[in-house]
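Colleague: Sharing a model prediction with you, sequence too.
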Amino acid sequence: MTTRNRLITYTICTLLGWGCQEDNLPPQNIPVISNVTVTGITENTALCTFTVTITEAIHSVGINYGTDSSQLTGDFSIDDISGNTFTLPLNNLADDMMYYYKVYVRDKMFTYIYSEIGEFKTQSSPYGSTFSNGITPARSFRGGDGTQNNPYLIANAQQLKKLVNDVNNGGNGYANTYFKLTTDIQVTADEWIPIGYGNFSFNGNFDGNGHTISGTLKSDKYREFGFFGQLGNNTRISNLTIAATVRNEGNFASTSSSSVEIYTGAIAGRVLHANVIISNCHITGTVTGGVANGSYTGGVLGYGSGTIQNCDISGNITGGSAIVVTDDDSYYWGGWAQTGGIVGRFNWGEITNCTVFNSATIIGNVCDQPCTGGIAGVNGARIYDCTNHANVTGGSNTGNSDTGGIVGNNYGEINNCTNTSTVTGGTNTNIYARTGGIAGVNSNSIINCIVSANGMVVGGGSGANLTGGIAGLNAGSNGNITNCTNNANVSASYVVGGLVGINNGEIHTSLNTGNITDNNLYRNNYTGGLAGWNNDNNYDYTHLYSCCTNRGTVNGQAANANNQIGNGKEIEPCQDGHAKR
């Protein structure tokens, strides 16, 4: 490519011997730049050649360049000025990008003569938007300086590979650094190396910018697995769609007397800090967890804390399996598999305004203690304004199996959430299968939640099954269910209730309209329109108040005062200020 020559004269040039004329016509002694061409263009490099007519007063020649024609910040110069023709290399360019440039001649007094601005475009990366086997990392990102107003741009698979390598080689977690994805990328490589794992984490800000990662993300080598493996302090991930199949193929189960855990999620396997935010992300592919002594699997996140907001899931989520090992004293290590539509286990923070669509399914797996939920397997934080439309099936177990339309096992707060799906408890061979339309087990608060009539709540297999329209078990002194409604039919064997299977906590201002059925009329028919069993051990914290109402049938009988609680304990009078539902 060739640029036209433009001479720029300066009034001080008479002092420098370049003979500036009073009429501003080009003086006789000013160097003339001509024949400017750019050749040898690749995706990352180019060569600029030009001719200078006079060299007696020249100190050096050089080139300014950049992707913004008004700010040519790149600079390369040489002071070897023998001859009249010069060739300057341009390295570390971004591929498939328009560059602007101007060459210059400088004298010893730093007076410059510039050519006119020219332009050229680098070639496209041979990999383009496909992350394939043997891909090489780019030398630089597309543009930007990593600040919030000028983020680094990731425009192809090679630049994504650079981010993967930078983080995982331990040299840069990119704290307080901003990235923006500018293209869709398909992963076809036989193995995906997550961004951050083990001792390394991504600590920056990644804006997916509405773009999609598709293909297959799979590996058997990483305990923290997803597009990102591990997210660190102050990380922000937003506006990203994962349409890929995410499959953790690892088997990390330990046979020693110490458990090993594995974390799998489409966005990230694990979050290390509570100040991480994941927002406006969409998971349309499938997620499958791996095998370990503890396995945590979620559509967005496997395990962690922070804030997850405005995210949704439309692909299937299948939990990993967990293996129990024992030492010589038969002490149990591991055996927990926690699976959720949004997150496997959430310890602290908030999940808000997230949705799991009915095109998805949430399936637990085999372990000693599976916890499976439409939003979270286990919740120790706050879940607000979330909706699950996906069918949820609990995992099979030799211990407890906890399954819920929103959460498998809740010791946090669930507020203003809705489940419209069918929830089916896991099969149990030893202890309890606890199943609820909102939570399998509630040890804290469920407030203003609804289970719709579109689905059902179905208890697990044979054995000690606790099944309720809201919760299988409302547990202990902190277990509180307030202003909730179950409209789904509930059926199981052993202990079955319209609101809860067993109540050991407090329930008020709640309503059941679903029909309640004990499939086997097991053990004296502990079946009730409100609760199958209300704790009769006279604990001060166990209360089921008459502000609760059942309108569904109980084993085919219309609702009446005698079939509200399966074990016959009387309902307590409403507390002051609690209106009857």
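Modeller: All right, it came through fine. Numbering: from 1, shown residues only.

Colleague: wouldn't N478 be in contact with T542 here?
Modeller: No. Look at N478 against T542 with C-beta atoms under 8 Å: they stay out of range, at 12.0 Å. Quick note: C-beta positions are derived from backbone N, CA and C, even for glycine.

Colleague: Residues in contact with both of those two, list them for me.
Modeller: Counting by C-beta atoms under 8 Å, 6 or more residues apart in numbering, the contacts common to N478 and T542 are G505.

Colleague: All the helices of the stretch 101-250 of the chain, residue numbers only.
Modeller: 157-168 (DSSP state H, counting those that start in this stretch).

Colleague: if we can go back for a sec, for N478 and T542, work out which one has more neighbours and name it.
Modeller: Using other C-beta atoms under 10 Å as the criterion, N478 and T542 rank with T542 on top: 21 against 14.

Colleague: Any chance of the backbone angles for the more buried one?
Modeller: phi -100, psi 110 (degrees, to the nearest 10).

Colleague: Contacts only, for it.
Modeller: Counting by C-beta under 8 Å, 6+ apart, T542 touches N503, N504, G505, E506, N534, N535.

Colleague: count of neighbours near the residue nearest to the third one when sequence neighbours are not counted?
Modeller: I take that to be G505. Once flanking residues are discounted, G505 sits nearest to G479: 2.6 Å by C-beta to C-beta, 6 or more residues apart in numbering. G479 has 26 neighbouring residues, counting by other C-beta under 10 Å.

Colleague: G479 contacts G436, doesn't it?
Modeller: No. The criterion here is C-beta under 8 Å, and G479 misses it with G436 at 11.8 Å.

Colleague: Please enumerate the shared neighbours of these two.
Modeller: Common contact partners of G479 and G436 (C-beta under 8 Å, 6+ apart): N442, L473.

Colleague: I figured F200 hits D166, correct?
Modeller: No. Counting by C-beta under 8 Å, F200 does not reach D166; the two are 9.8 Å apart.

Colleague: Who has more neighbours out of the two?
Modeller: Neighbour count, other C-beta under 10 Å: between F200 and D166, F200 has more, with 21 against 18.

Colleague: T45: neighbour count?
Modeller: T45: 15 surrounding residues under other C-beta under 10 Å.

Colleague: wait, what's in contact with it?
Modeller: Taking C-beta under 8 Å, 6+ apart as the test, what T45 contacts is P89, L90, N91, L93.

Colleague: List the buried residues of stretch 452-461.
Modeller: Using 16 or more other C-beta atoms under 10 Å as the test for burial, stretch 452-461 gives S452, G455, M456, V457, V458, G459, G460, G461.

Colleague: now swap in stretch 317-327 and tell me
Modeller: Here stretch 317-327 shows I317, T318, G319, G320, S321, A322, I323, V324, V325 as buried, counting by 16+ other C-beta under 10 Å.

Colleague: confidence score at the residue nearest to the spatial centre of the chain?
Modeller: When the chain is reduced to its mean C-alpha position, the nearest residue by C-alpha atoms, centre = their mean turns out to be I267, at 3.0 Å. For I267, the model assigns a pLDDT of 98.

Colleague: can you list the weak-confidence ranges in the stretch 351-500 of the chain?
Modeller: 398, 428-430, 461-463 (pLDDT under 70).

Colleague: Next, the distance between the ends of stretch 273-286.
Modeller: Stretch 273-286 stretches 26 Å from its first residue to its last (C-alpha to C-alpha, to the nearest Å).

Colleague: Start at 34, not 1
Modeller: Okay, using 34 as the starting number, the last item reads as stretch 306-319.

Colleague: what's the spacing between it and its chain's center?
Modeller: When distances are taken as C-alpha atoms, centre = their mean, to the nearest Å, stretch 306-319 is centred 3 Å away from the chain's centroid.

Colleague: How much space separates the residue nearest to the centre of the chain from P184?
Modeller: 18 Å (C-beta to C-beta, to the nearest Å).

Colleague: what does D573 give?
Modeller: In terms of C-beta to C-beta, D573 sits 57 Å off from P184.

Colleague: With neighbour numbers in mind, choose between the two.
Modeller: Neighbours around D573 and P184, counted as other C-beta under 10 Å, are more numerous at P184. The numbers are 23 against 6.

Colleague: Looks like the more buried one contacts R175 (just checking).
Modeller: No. P184 is beyond contact range of R175, at 10.1 Å (criterion: C-beta under 8 Å).

Colleague: rewinding a little: could you identify the buried members of the contacts of T78?
Modeller: By neighbour count, with 16+ other C-beta under 10 Å, the contacts of T78 hold L123, L126 as buried.

Colleague: just to revisit the earlier point, can I get the contacts of T575 in JSON lines including distance to N519?
Modeller: Output for these, formatted as JSON lines (distance: C-beta to C-beta, whole Å):
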{"residue": "N536", "distance to N519": "14"}
{"residue": "N537", "distance to N519": "18"}
{"residue": "G538", "distance to N519": "16"}
{"residue": "E539", "distance to N519": "17"}
{"residue": "N567", "distance to N519": "16"}
{"residue": "N568", "distance to N519": "20"}
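
Colleague: just checking, which of those belong to strands?
Modeller: Residues of the contacts of T575 located in strands (DSSP state E): N536, E539, N567.

Colleague: Closest one to I416 out of the residues you listed, please.
Modeller: Proximity of those to I416 (C-beta to C-beta) peaks at E539, which lies at 19.6 Å.

Colleague: these two touch, right, that closest one and A508?
Modeller: No. Here E539 does not reach A508: they are 11.0 Å apart, not a contact under C-beta under 8 Å.

Colleague: So which of these two has more stuff around it?
Modeller: Using other C-beta under 10 Å, the more surrounded residue of E539 and A508 is A508, with 23 against 20.

Colleague: Report the contact partners of the more buried one.
Modeller: V474, N475, S476, N537, G538.

Colleague: Not counting sequence-adjacent ones, nearest residue to it?
Modeller: S476 (4.6 Å).

Colleague: my guess is the one you found meets N443, correct?
Modeller: Yes. Counting by C-beta under 8 Å, S476 touches N443, with 6.6 Å between them.

Colleague: Run a quick neighbour tally on the spatially closest residue to N516 that is not a sequence neighbour.
Modeller: Residue nearest to N516 in three dimensions, not counting chain neighbours: T542, with 4.7 Å by C-beta to C-beta, 6+ apart. Neighbourhood size, T542 [other C-beta under 10 Å]: 22.
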